[in-house]
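> Just to be clear, the model below is a prediction. Sequence and coordinates:
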Amino acid sequence: MDKANLALAEFLVAQGIHVHLVAHSVDPILVQHPRVTVHAVARPLGSVVLGEWELDRRGRNVAAAILSENPNARVLVNGGNCLLGDINWVHCVHHAWRTVDQGAPGWFKVKNALSKRIARRRELRAFKRARRIIANSESTARELMKLGLGEEKISTIYLGGESEWNPATPGEKVEARNALSLSAGRPIVAFVGALSFDNNKGFDILWQAWKRLCSMENWDANLVVAGAGSGLKRWNAEAAAAGLTARVHFLGHTPDIYTVLAAADLLVSPVRYEAYGLNIQEAICRGVPVIASACAGIAERYPANLRSTLLGHPEDSGDLISKFLDWRSEMSTWNKRFQPFATALRAYSWHDMAASLVAAVEGTTTPRFERPCEAIAS
């Protein structure tokens with residue numbers, strides 16, 4: 001969501017449009033831009049929940065002030081983060097995103113259930129108020145229609161990509177592995193995602209499969225995990241208890257995913273819910289094959305010859321193991337199969353995405369820019 005909002009803002013200011021950003025944090029590139037006004041929103045007491053209420057309040061106030069001066073200004077929000085009735089760019093649907101927190105501490109389960117209830121209520125109010133809704137995949141659009149929203153006000157626009165993210169060269173792969181202290185001689189499987197007490201990203205499924213794979217005599221791959229969260233300590237302990245600290249490397253929070261993907265030979269993403277799946281797209285663009293859940297939004301973009309790499313039932317660790325073994329026995333074949341898809345994804349840039357979004361909002365086939373001001377609450 002952050003990358004998408006950044007790309008849209010950059011596109012708009014490049015067209016000479018003044019952009020107001022209401023956000024907890026803003027990229028320095030935009031902060032310094034003469035056509036950008038930043039309305040920074042703090043998180044009271046560092047609380048995400050309190051920050052959401054403050055973001056909503058500030059967003060509505062900023063939009064009201066701008067619209068009073070310029071009634072033609074447009075306002076864009078993401079999901080339920082600000083209850084304004086113009087454009088809603090939806091990057092996830094909480095009504096479709098169930099909680100998976102078995103085994104989590106009691107306090108987390110209570111907090112998780114309450115947060116989910118609030119998020120669902122707020123997003124439904126926001127969706128019903130919106131004049132135009134932009135979904136990041138067809139699966140997201142279908143979830144929106146299940147909530148009673150009319151198909152006529154929903155447009156699907158896929159996320160753009162880093163067109164310059166090409167496959168890593170052999171030299172880049174060696175440098176990346178050295179930088180991350182990874183084995184140079186073993187295949188590397190990467191997992192990129194939050195390690196929360198809520199297991200939506202499916203690391204628990206991956207871990208079940210990984211333990212079984214590492215008990216097999218011929219399994220020689222190592223796992224690198226890029227992600228932080230409340231569950232990180234637990235998974236470190238699990239690896240130690242299983243005697244697998246040499247076979248899994250936890251990086252914690254890692255902003256340099258470009259380097260992680262340069263080091264990897266495969267990305268695995270057995271998510272239970274994923275409205276799109278930018279990590280999957282980035283890996284493919286980087287020349288890394290992916291085992292992903294069929295429920296991820298990006299899966300609908302997969303060509304027919306890659307559907308067999310998708311997990312129809314992500315909680316089936318046996319299916320995941322089978323795909324792992326198929327990949328390991330035919331690594332070069334998998335690389336070649338993914339190449340045309342990578343080329344297609346790189347051809348659709350963040351600029352293309354932003355242009356498509358503006359065109360959809362304006363109701364044109366090509367973007368028009370008639371409004372001198374944009375207010376964005378993100």
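That came through fine.

> Domains in this protein, by residue range?
The chain is divided into the following domains under automatic domain parsing: 2-160+349-377, 170-346.

> Just send these back as a markdown table, with mean neighbour count and mean pLDDT too.
Backbone N, C-alpha and C define where each C-beta goes, glycine included. Listed next are the domains of the chain as a markdown table, based on neighbours: other C-beta atoms under 10 Å; pLDDT from 0 to 100:
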| stretch | mean neighbour count | mean pLDDT |
| --- | --- | --- |
| domain 2-160+349-377 | 17 | 88 |
| domain 170-346 | 19 | 95 |
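
> what ranges do the strands span in the stretch 1-150 of the chain?
Taking DSSP state E, counting those that start in this stretch, the strands of the stretch 1-150 of the chain run over residues 18-23, 36-40, 74-77, 87-90, 132-135.

> Using a markdown table, lay out the ones you listed together with distance to Ala262.
A markdown table is the format used below for the strands of the stretch 1-150 of the chain (distance: least, C-beta to C-beta, whole Å):
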| stretch | distance to Ala262 |
| --- | --- |
| strand 18-23 | 30 |
| strand 36-40 | 32 |
| strand 74-77 | 34 |
| strand 87-90 | 30 |
| strand 132-135 | 31 |
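
> can you tell which of these is closest to His253?
When the strands of the stretch 1-150 of the chain are compared by C-beta to C-beta, strand 18-23 sits nearest His253, at 19.6 Å.

> Quick one: list the elements packing against the closest one.
If contacts are counted by 3 or more C-beta pairs under 8 Å, 6 or more residues apart in numbering; DSSP states H and E, strand 18-23 sits against helix 2-14, strand 36-40, helix 48-69, strand 373-377.

> Alpha carbons of the third one, in PDB - could you do that?
The C-alpha coordinates for helix 48-69 follow below in PDB (Å, rounded to 0.1, in the frame of the first residue of the first chain):
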ATOM      1  CA  VAL A  48      -1.700   1.800  16.000                       C
ATOM      2  CA  VAL A  49      -5.400   1.800  17.000                       C
ATOM      3  CA  LEU A  50      -5.300   5.300  18.400                       C
ATOM      4  CA  GLY A  51      -3.300   6.400  15.300                       C
ATOM      5  CA  GLU A  52      -6.100   5.100  13.100                       C
ATOM      6  CA  TRP A  53      -8.600   7.300  14.800                       C
ATOM      7  CA  GLU A  54      -6.300  10.300  14.600                       C
ATOM      8  CA  LEU A  55      -5.600   9.700  10.900                       C
ATOM      9  CA  ASP A  56      -9.300   9.600  10.200                       C
ATOM     10  CA  ARG A  57     -10.000  12.800  12.200                       C
ATOM     11  CA  ARG A  58      -7.100  14.700  10.600                       C
ATOM     12  CA  GLY A  59      -7.900  13.500   7.100                       C
ATOM     13  CA  ARG A  60     -11.500  14.600   7.300                       C
ATOM     14  CA  ASN A  61     -10.400  18.100   8.600                       C
ATOM     15  CA  VAL A  62      -7.800  18.500   5.900                       C
ATOM     16  CA  ALA A  63     -10.200  17.500   3.200                       C
ATOM     17  CA  ALA A  64     -12.900  19.800   4.500                       C
ATOM     18  CA  ALA A  65     -10.500  22.700   4.400                       C
ATOM     19  CA  ILE A  66      -9.300  22.000   0.900                       C
ATOM     20  CA  LEU A  67     -12.800  21.400  -0.500                       C
ATOM     21  CA  SER A  68     -14.100  24.600   1.000                       C
ATOM     22  CA  GLU A  69     -11.500  26.500  -1.100                       C
END
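
> what's the angle from it to strand 36-40?
140 degrees (axes from the mean of the first three to the mean of the last three C-alpha atoms, to 10 degrees).

> which residues are in contact with helix 48-69?
Under the criterion C-beta atoms under 8 Å, 6 or more residues apart in numbering, residues 20, 22-24, 39, 41-44, 73, 75, 77, 81-84, 115, 118, 122, 373, 375, 377 lie in contact with helix 48-69.

> Now with 7 Å, please.
20, 22, 24, 39, 41-44, 73, 75, 77, 81-84, 115, 373, 375, 377 (C-beta atoms under 7 Å, 6 or more residues apart in numbering).

> what's the answer for the first one, then?
For helix 2-14, the external contacting residues (C-beta under 7 Å, 6+ apart) are 19, 21, 27, 30, 33, 35-36, 159-160, 278, 350-351, 353-355, 357, 374, 376, 378.

> quick one: Gly161 and Ala347 touch, right?
No: contact between Gly161 and Ala347 fails when scored by C-beta atoms under 7 Å: they sit 8.7 Å apart.
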